[in-house]
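**Q** next comes the sequence, and after it the predicted model I'd like to discuss.
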Amino acid sequence: QVQLVESGGGLVQAGGSLRLSCAASGRTFSGYNIAWFRQAPGTEREFVAAISRSGGGTYYADSVKGRFTISRDNAKNTMYLQMNSLKPEDTAVYYCAAGTGGFLGIAGSYNYWGQGTQVTVSS
């Protein structure tokens, strides 16, 4: 079992930045691929970014590429999502996830999920 707890969400103006964190406890964090997903009201959960177990491979949704950066610190059992140049359409609940599935961009590849943190970007 892996327990995930997100933090760092909040209200920010368009063009601003936020850094989300996700602290993991339980089984060895380094053995999992990790990712961030988000869900806005009335929409399905969508992939944002993922990073492989070793940290050597990162993947981003086209909508956030060049603005968001995913990273992990296996020694601290923590993952991050640095979000820059935020837009109102980035408003959503952001979830971190950990898993061993082969397709990093789909929710089904992740076994463990955090409770989510709200990000609101005002125009």
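**A** That came through fine.

**Q** low-scoring stretches of this structure, by residue?
**A** Counting by pLDDT under 70, the chain shows no low-confidence range.

**Q** which residues of it fall in strands?
**A** Ranges of strands within the chain are 2-7, 10-13, 18-26, 33-39, 46-51, 58-60, 68-73, 78-83, 92-99, 112-113, 117-122, based on DSSP state E.

**Q** give the other helices and strands that the shortest one contacts.
**A** Right, strand 112-113. strand 2-7, strand 92-99 (3 or more C-beta pairs under 8 Å, 6 or more residues apart in numbering; DSSP states H and E). All C-beta atoms are positioned from the backbone trio N, CA, C, and that covers glycine.

**Q** excluding chain neighbours, give the residue nearest to residue 123 in space.
**A** Once flanking residues are discounted, residue 123 sits nearest to residue 88: 4.8 Å by C-beta to C-beta, 6 or more residues apart in numbering.

**Q** quick check: that neighbour vs residue 12, distance?
**A** 10 Å (C-beta to C-beta, to the nearest Å).

**Q** quick check: neighbours shared by these two?
**A** Here residue 88 and residue 12 have 121-122 as joint contacts, going by C-beta atoms under 8 Å, 6 or more residues apart in numbering.

**Q** okay, the two: which has more neighbours?
**A** It is residue 12, of residue 88 and residue 12, that has more neighbours when counted by other C-beta atoms under 10 Å, with 17 against 11.
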